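*Asks:* Mind folding the following:
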Amino acid sequence: MGFLLRLIVNAVALYLLTRVYGGVSFAPGADALSVLLAALVMGIVNALIRPVLMLLSLPVNVLTLGLFTLVVNGVVLWLVASVTALNVNGFGAAIIGALLLTVISWVLDAVVGALGLDGQRD
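*Replies:* Here you go, the predicted structure:
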């Protein structure tokens with residue numbers, strides 16, 4: 001999937017998350033550029049910081065059979081909210097929001113793949 005398509009899918013997923021779950025929202029007056037910027041920051045944090053967090057939490061992650069990944073995803077969402085127009089109502093809301101964001105992104109990726117917009121051949 002191309003970079004721009006991935007950015008748009010992530011932005012739509014973030015926007016849908018704020019519409020579905022009240023614990024995560026955008027600041028009043030946030031426009032489409034703010035949503036795209038939050039999606040871009042989310043991509044950068046997922047690419048640079050999340051692998052380090054996953055490596056540091058590996059022993060706990062093994063002990064919890066991977067469930068600690070939800071906490072790491074919540075930390076990532078909380079970090080993104082701290083530098084963008086995204087608002088998270090606490091750490092518990094960040095974990096639930098990260099779980100819902102994962103599901104929404106998975107569904108959107110499946111839709112994009114089914115429509116053939118990702119450039120993959122059958």
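*Asks:* Distance of residue 37 relative to residue 43?
*Replies:* Distance, residue 37 to residue 43, by CB to CB, to the nearest Å: 11 Å. (Each C-beta comes from the backbone N, C-alpha and C, glycine too.)
*Asks:* before we move on, what about residue 5?
*Replies:* In terms of CB to CB, residue 5 sits 12 Å off from residue 43.
*Asks:* Show me which of these two is the more surrounded one.
*Replies:* residue 43 (16 against 13; other CB atoms under 10 Å).
*Asks:* Just list the residues touching that one, thanks.
*Replies:* Residues in contact with residue 43 (CB atoms under 8 Å, 6 or more residues apart in numbering) are 6-7, 10.
*Asks:* which of the residues you listed has the most neighbours?
*Replies:* Counting by other CB under 10 Å, top hit in the contacts of residue 43: residue 10 with 23 neighbours.
*Asks:* Model confidence for the residue nearest to it when sequence neighbours are not counted, exactly?
*Replies:* Spatially, and ignoring its direct neighbours in sequence, residue 10 is nearest to residue 39 (4.0 Å; CB to CB, 6 or more residues apart in numbering). What the model reports as pLDDT for residue 39 is 96.
*Asks:* Send me the helix or strand hosting residue 39 as CSV with only the CA atoms.
*Replies:* Element membership for residue 39 (DSSP states H and E) is helix 32-48. In CSV, the C-alpha atoms belonging to helix 32-48 read as follows (Å, rounded to 0.1, in the frame of the first residue of the first chain):
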residue,chain,number,x,y,z
ALA,A,32,-8.9,17.7,8.2
LEU,A,33,-5.3,18.9,8.3
SER,A,34,-5.2,18.2,12.1
VAL,A,35,-6.5,14.7,11.5
LEU,A,36,-3.9,14.1,8.7
LEU,A,37,-1.2,15.4,11.0
ALA,A,38,-2.3,13.1,13.8
ALA,A,39,-2.2,10.2,11.4
LEU,A,40,1.3,11.2,10.2
VAL,A,41,2.5,11.5,13.8
MET,A,42,0.9,8.1,14.6
GLY,A,43,2.8,6.5,11.7
ILE,A,44,6.1,8.1,12.8
VAL,A,45,5.6,7.0,16.4
ASN,A,46,4.6,3.4,15.2
ALA,A,47,7.7,3.2,13.1
LEU,A,48,10.3,4.7,15.5
